[in-house]
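**Student:** got a structure for you, letters missing:
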């Protein structure tokens, strides 16, 4: 999504850290796994220029948090990660946190990690305040002004909000990216102490089988002070 904001690079670094953790948990060889992901990325790339970028910058260079990366990198990497780690028939996206896909898990992982690192100052808030004030800031830092200015957060009762995002004109908007958003929101609220978090995506405005429309995310949680 957006115009390749600098913080997108930290998300990409987080993807590789997620792979490391996944390998450790599932007793996989990290080097072999990353190499398989690299090969799958090369197969998915649809131009010599993209393949050269992947070889020289993504897998052959150093990604700094300040690096500016093109938006297509993230969805391509997530797709390659899913095919290598979960298999070619594994679902690439989800519409609810009840049924996690790999993109969701990678988003959840990054939220927890960034809450202690690059976005730590933005996490000294309640879950509701984070959704209304911090979430749009993070979208802006990662995906640009156009993405952030189209976010509308509406309270729908205690511990319930609806988030409306207009992703229709954003370059890399896709159900895969929406799945990372589901995971990111889930992980962020968990870091803030919320319980019983549920994130649903009943309307995906960039799904290939539907006419372009707004993306809707419904979020429910139990406030920290109400948890047993």
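**Tutor:** That came in fine, so what should we check first? Here the structure is a predicted model, which means the values were calculated and not measured.
**Student:** what's around residue 16, how many residues?
**Tutor:** By other C-beta atoms under 10 Å, the residues close to residue 16 number 16. (C-beta placed from N, C-alpha, C; glycine too.)
**Student:** For the chain, which residues score under the pLDDT cut-off?
**Tutor:** By pLDDT under 70, the low-scoring segments of the chain are 1-7, 63-66, 169-172, 211, 225-228.
**Student:** and with 90 instead?
**Tutor:** Residues of the chain that meet the criterion pLDDT under 90 lie in 1-13, 56-72, 118, 122, 124-125, 138-150, 166-174, 205-214, 223-228.
**Student:** So for it, the centremost residue is which one?
**Tutor:** residue 180 (2.9 Å; C-alpha atoms, centre = their mean).
**Student:** helices and strands around the helix or strand hosting that residue, which ones?
**Tutor:** Using DSSP states H and E, residue 180 sits in helix 175-191. Contact partners of helix 175-191 among helices and strands, from 3 or more C-beta pairs under 8 Å, 6 or more residues apart in numbering; DSSP states H and E: helix 72-86, helix 102-114, helix 135-143, strand 195-203, strand 215-222.
**Student:** which parts of the longest helix that the chain contains are buried?
**Tutor:** Criterion DSSP state H: the longest helix present in the chain is helix 8-26. Going by neighbour count (16 or more other C-beta atoms under 10 Å), the buried part of helix 8-26 is 8-16, 18-19, 22-23.
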